[in-house]
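> below is the structure, and that's it, no one-letter string:
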């Protein structure tokens, strides 16, 4: 059996944790399995390197920033190989060039194109544990690239796909995927499994267990993931294709406070204006979530939508600069808002679900500002101050507690 | 004109020094020259990484140690490229794999085999400053290697040779090569030039300006070096093939306190014993300098020689273990000794030089314990306590002062 195991930066933050990871990997190896380990940079290393770069150059060339950041994972994998070696198990570390892990040249957000498996296979056949740098790749010119947020998870999934691994385990600092954030909803329950689509919704809604990119890749290549804790022996959550058997109506509740609402006021009520606005945002890599358009009875109408709070400034600048071409009379924004969502592959075509959610919120006196739905989620925009109360209320309404 | 410039770790230890180096390189670039910069890891980075490794594994696999250490220079070159970019000059950093810098697989002490110049040429033709990681290479399996002590100097010289550079400048924290260590001999004079052979003698005698390996390579490929300061604008010392014109008799005086004397007492006075002893040491990579053998009038004789103080323990262990096969009755050692040497290509075949040196030492009441000579140097072993006085005396005797 070939197992890919991915550990994040906090799992390798110091000597003790490095040895903890080394021992867990060796357990797998001693079962006779082939083990490929993907590591992030230790602890806050990447942040430290970015700070160093910004000290030198407030706008560093992206190629050079990737060259710098790539050292972080290389340190992790080398130290891990030393730790395993000191425990008497042969291990070899490989960086992105050595693998090789081919990506596009989009520094800082490169996309994986192809992974050569020859070197890894060779080392596995020599009965070594193979430790690979996550988060990084090489362009067709052999320049180092990084994959951006969630990069190490994506590396792990891509390796699992390329190597036809029997398992892909993503170790985090939580024990799996929960029906809600246990820090906010104390009686939240760990899910034994979720579908790729549900996981995608959880991820996009701020349950930072797995990044969307890695889930999308897992779905595309049919890589079954397990999310589990690097610190405990609990079972974790399996992420896989939906089984349709005994689906729960709703799998969980997620909240996202990284939200701002923007309203474009008084745009001309003619076809193509909405397209113009959202095309402008898309071209600038700004993701829009909920969209509401006032019904255009008059000559002009309003369009409101939400963006990530971190994109607010860029979005406002962009819209104000293009005010004329989008025919807006004004652009306003609101920051003190949050999204809460219920997610569940089982709720498709079940109209009672939305009603139950709204009823629960209403009884808890939570005002709903905007609503959006997809096949497997219902999202509402509410005041940020109401988030925790709203989550607990909705969690209870759907009997998600332990 | 193509110029290779090498800067050591202390020259890039912090933001201010990085910008100092960036500016000096840009001055060269703005003359219209092509500039290749070789950097070491920042300040004490390499020591820090080694400490981290030893914390994890007191005897780390050498391959993994090199994988770890190679990150040090990669950080330097990336930050330097960012600094130059912020000053408005296009620059690109390249690591050993990107260059590619091919070496043997002897981790920790790899030897350079071949340097591909295509990528560097390509970047130079695009009018970029090219910043290359010193000290590291790749094996034929694409594994990272390091070159060991003096590695970055060697990288610079090898690059200069491969690129047929017009100049190879080694920037250090001194202004060049001196007739003696200015901290000991205050009126020591900077030499405008020295021959490769003289430089080799200076280096092997503890004037840590250039490592022997880089000088040997420079000599082999006829690369003319300049040693100069990264902090001042002083002219530096040119290291090149001997010109024979107006040679000074003696170029300088060097001292070496990393010395110990070993005596092998009462070995059999038969042919082959000395060979046995020194072959044993050579096979264990122990360098022997001065050798004295008592005249064998009897059945047994004594052999004394010097080794680096850092090799003393290994040498004693080795000799004691092989006491029988080398027929020794006893092995003794002495640590409180030092070598001082006069070096000069001009003294070949000039017997008065040695006499003058011994006379000066005698008048200063310095006892000579052992003597060794080569074509371009005369070395004496003295008490360590006499070193500074001896140096000043000899320096004066040969009129080396400013």
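Received the coordinates, thanks. Being a predicted model, the structure only gives us computed values, none of them experimental. Residues are numbered from 1 along each chain as shown, chains lettered A, B, ... in the order given.

> neighbours of residue A:142, just the number please.
By other Cβ atoms under 10 Å in any protein chain shown, the residues close to residue A:142 number 15. (Each C-beta comes from the backbone N, C-alpha and C, glycine too.)

> helix, strand or coil for the nearest residue to it once chain neighbours are set aside?
Closest residue to residue A:142 apart from its sequence neighbours, by Cβ to Cβ, 6 or more residues apart in numbering or on different chains: residue B:98 at 5.2 Å. Here residue B:98 is recorded as helix under DSSP: H, G, I helix; E, B strand; the rest coil.

> do you know how far residue B:98 is from residue A:96?
12 Å (Cβ to Cβ, to the nearest Å).

> and residue A:135, by the same measure?
Residue A:135 sits 9 Å away from residue A:96, taking Cβ to Cβ as the criterion.

> just residue A:7 next, same as before
17 Å.

> same check on residue A:57?
24 Å.

> what residues does the stretch 101-250 of chain A have near chain B?
A:119, A:142-144 (Cβ under 8 Å from any Cβ of the partner chain).

> in these, find the pair that's most separated.
Based on Cβ to Cβ, the longest span within those runs between A:119 and A:143 and measures 19.4 Å.

> who has more neighbours, those two?
More neighbours surround residue A:143 than the other of residue A:119 and residue A:143, with 24 against 17 (other Cβ under 10 Å).

> is that one in contact with residue B:98, as I believe?
Yes: counting by Cβ atoms under 8 Å, residue B:98 is a contact partner of residue A:143 at 7.1 Å.

> got a list of what whichever residue of the stretch 201-350 of chain A sits closest to chain B touches?
Nearest residue of the stretch 201-350 of chain A to chain B (Cβ to the nearest Cβ) works out as residue A:230 at 17.5 Å. Counting by Cβ atoms under 8 Å, 6 or more residues apart in numbering or on different chains, residue A:230 touches A:7-8, A:11, A:17, A:20-21, A:24, A:171-173.

> neighbour-wise, which of those residues leads?
Counting neighbours by other Cβ under 10 Å, residue A:7 comes out on top of the contacts of residue A:230 with 28 neighbours.

> quick check: beta-bridge partners of that one?
residue A:39, residue A:171 (DSSP bridges).

> contacts only, for it.
A:21, A:37-40, A:171, A:230.

> report the secondary structure state of residue A:152.
helix.

> what does the pLDDT read for it?
Residue A:152 is assigned 95 on the pLDDT scale.

> ok, and the closest non-adjacent residue to it?
Nearest residue to residue A:152 in three dimensions, chain neighbours excluded: residue A:134, at 2.9 Å (Cβ to Cβ, 6+ apart).

> phi, psi of the one you found?
phi -80, psi 170 (degrees, to the nearest 10).

> count the residues that sit near it.
Here the count is done by other Cβ under 10 Å, and residue A:134 has 29 residues near it.

> again, but for the one 3 residues further on
Residues lying near residue A:137 (other Cβ under 10 Å) number 32.

> what about it, which SS state?
Residue A:137 ends up strand, using three-state DSSP.

> what does residue A:331 give?
Here residue A:331 is strand, with the state taken from three-state DSSP.

> sorry, back to before: in a markdown table, list the contacts of residue A:7 along with distance to residue B:305 and pLDDT.
Shown next, in a markdown table, are the contacts of residue A:7 (distance: Cβ to Cβ, whole Å; pLDDT from 0 to 100):
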| residue | distance to residue B:305 | pLDDT |
| --- | --- | --- |
| A:21 | 50 | 97 |
| A:37 | 50 | 98 |
| A:38 | 54 | 98 |
| A:39 | 50 | 98 |
| A:40 | 53 | 96 |
| A:171 | 58 | 95 |
| A:230 | 56 | 90 |
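
> farthest pair in the residues you listed?
Farthest pair in the contacts of residue A:7, by Cβ to Cβ: A:38 and A:230, 12.7 Å.

> out of residue A:57 and residue A:96, which sits in the busier spot?
Between residue A:57 and residue A:96, counted using other Cβ under 10 Å, the more crowded position is residue A:96 (26 against 18).

> who does the residue lying closest to the more buried one once chain neighbours are set aside form a beta bridge with?
Computed as Cβ to Cβ, 6+ apart, the closest residue to residue A:96 that is not its neighbour in sequence is residue A:136, at 4.3 Å. Residue A:136 has these beta-bridge partners by DSSP bridges: residue A:146.

> distance of residue A:136 from residue A:67?
Distance, residue A:136 to residue A:67, by Cβ to Cβ: 10 Å.

> need the overlap of contacts for these two.
In contact with both residue A:136 and residue A:67: residue A:144, using Cβ under 8 Å, 6+ apart.

> helices along the stretch 301-402 of chain A, start to end?
With helices called from DSSP state H, counting those that start in this stretch, the stretch 301-402 of chain A shows them at A:312-321, A:352-363, A:387-397.

> and the contacts of the longest one?
By that I understand helix A:352-363. For helix A:352-363, contacts defined as Cβ under 8 Å, 6+ apart pick out A:249-250, A:342, A:344, A:347, A:368, A:373, A:378, A:380, A:382, A:390, A:393-394, A:396-398.
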